[in-house]
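Q: here's a sequence, model it:
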Amino acid sequence: MRKNASPVEGTEGLVYQCRLPLSSATLDLVAGLLRGHLKKIRSRWRKLPPGRIALIVLAVLRHDQRLSGMAGGNDVSASTVRRWLLEVIELLSARAPRLDRALKKIARKGGVVVLLDGTLVRTRRRTGHENRPNHSGKHKAHGLLFLALTDETGNLVWISAAKPGRSSEITTARHNRITTHLREAGLGALTDLGFVGLDDDPDDPVIVTGRRATRGHPLTDAQKEANRLVSRERAANEHGFTDLKNWRILTKVRMNARHATTLLRALLVLTNAEVHR
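A: The predicted structure is shown next:
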């Protein structure tokens with residue numbers, strides 16, 4: 001898919017062609033949502049048609065193209081591109097599944113377990129009192145923490161709301177009542193050692209983690225082998241995070257942090273439209 005542009009030199013700079021590695025089905029999905037939205041709000045006119053707007057927004061999301069650059073190449077203002085971006089991610093995020101529905105869908109398909117992990121999406125360093133909460137001591141960077149669930153093959157099924165970077169994964173999981181939703185769906189979850197202690201019912205565990213060595217109590221050979229088995233089964237969730245972070249806008253989120261949850265859930269919908277395992 002190619003962005004309509006031609007190498008023309010002018011007083012404003014150069015306009016160049018750039019290949020967008022996305023399917024036509026993804027473009028049609030975004031354009032169709034936008035057309036439906038415009039019809040619903042009875043908007044009779046936009047500077048560009050919905051298909052062109054969808055292409056511009058996808059270029060921003062996939063390649064992290066600067067708004068001013070996309071605006072200049074399409075003869076619109078940067079504020080207009082920003083408005084289109086926020087409008088589209090709102091429409092897409094509304095299609096993201098809720099946690100309970102995502103788990104029940106997996107259970108209906110015969111699934112047994114899901115894979116749970118967290119990731120830090122880096123953001124600009126904030127100023128004043130907003131600076132410290134978003135700093136992650138674990139990653140030594142500013143960002144927002146998200147939890148994600150994937151199925152056994154690595155397809156993303158759910159993303160949590162954003163939490164400040166200094167938040168812990170286990171606290172975020174408790175806030176989202178993940179163990180309760182897993183029990184209601186009849187599923188288990190494989191996680192890393194960062195979630196040890198998450199399950200509050202040792203008699204009926206739904207969270208499976210490895211074992212952690214303590215001072216004076218090294219792991220036995222059997223426990224080490226169990227850790228390797230859990231790690232091997234969990235490896236598929238890295239595919240989901242890789243697919244998500246192929247959207248280069250997540251290299252460093254520059255938009256306001258309050259839009260971050262909407263952005264991640266919109267990218268979840270786009271990722272699932274592109275990737276099927």
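
Q: pretty sure Leu144 is in a helix, no?
A: No: Leu144 is assigned strand when assessed by DSSP: H, G, I helix; E, B strand; the rest coil, not a helix.

Q: burial of it, as a residue count?
A: Using other CB atoms under 10 Å, Leu144 has 23 other residues around it. (Glycine included, C-beta is placed from N, CA and C.)

Q: that one against Val121, yeah?
A: Yes: counting by CB atoms under 8 Å, Val121 is a contact partner of Leu144 at 5.2 Å.

Q: which neighbours do the two share?
A: Ala162, Val253, Ala260 (CB atoms under 8 Å, 6 or more residues apart in numbering).

Q: wouldn't Pro205 be in contact with Asp199 here?
A: Yes: taking CB under 8 Å as the definition, Pro205 is a contact partner of Asp199 at 4.9 Å.

Q: who has more neighbours, the two?
A: Comparing Pro205 with Asp199 by other CB under 10 Å, the one with more neighbours is Asp199, at 22 against 14.

Q: confirm that one sits in a strand?
A: No: under three-state DSSP, Asp199 falls outside any strand and is assigned coil.

Q: nearest spatial neighbour of it, chain-adjacent residues omitted?
A: Spatial nearest neighbour of Asp199, excluding adjacent residues (CB to CB, 6 or more residues apart in numbering): Ile207 at 4.1 Å.

Q: what's the burial count for that neighbour?
A: Ile207 sits with 21 neighbouring residues when counted by other CB under 10 Å.

Q: list the contacts of it.
A: Leu116, Thr179, Leu182, Gly188, Ala189, Thr191, Phe195, Leu198, Asp199.

Q: what's the weakest-modelled helix or strand in this protein?
A: Every helix and strand of the chain was ranked by mean pLDDT, DSSP states H and E. The lowest is strand 8-10, at a mean of 47.

Q: and Val196, backbone torsions?
A: For Val196, the backbone dihedrals (degrees, to the nearest 10) come out as phi -60, psi 130.

Q: from what I can see it touches Thr209, true?
A: Yes: at 5.1 Å, Val196 and Thr209 qualify as touching, with contact defined as CB under 8 Å.

Q: more crowded one of these two?
A: Neighbour tally, Val196 and Thr209, criterion other CB under 10 Å: the higher count belongs to Thr209, 21 against 14.

Q: and that one, its phi and psi?
A: Main-chain torsions, Thr209, degrees, to the nearest 10: phi -130, psi 170.

Q: so it is in contact with Gly188, correct?
A: No: at 11.1 Å, Thr209 does not count as touching Gly188 under the criterion of CB under 8 Å.

Q: let's have the contacts of Ile207 in CSV, adding pLDDT.
A: Listed next are the contacts of Ile207 as CSV, based on pLDDT from 0 to 100:
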residue, pLDDT
Leu116, 94
Thr179, 93
Leu182, 94
Gly188, 92
Ala189, 92
Thr191, 91
Phe195, 88
Leu198, 86
Asp199, 81
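
Q: would you format those as CSV with distance to Arg95 and secondary structure included?
A: Output for these, formatted as CSV (distance: CB to CB, whole Å; DSSP: H, G, I helix; E, B strand; the rest coil):
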residue, distance to Arg95, secondary structure
Leu116, 22, strand
Thr179, 26, helix
Leu182, 23, helix
Gly188, 27, strand
Ala189, 24, strand
Thr191, 27, coil
Phe195, 28, helix
Leu198, 29, coil
Asp199, 31, coil
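
Q: quick one, which of these are buried?
A: Burial by neighbour count, 16 or more other CB atoms under 10 Å: within the contacts of Ile207 this picks out Leu116, Thr179, Leu182, Gly188, Ala189, Thr191, Phe195, Leu198, Asp199.

Q: endpoints of stretch 34-51, how far apart?
A: This stretch, stretch 34-51, spans 8 Å end to end (CA to CA, to the nearest Å).

Q: cool, thanks, talk later.
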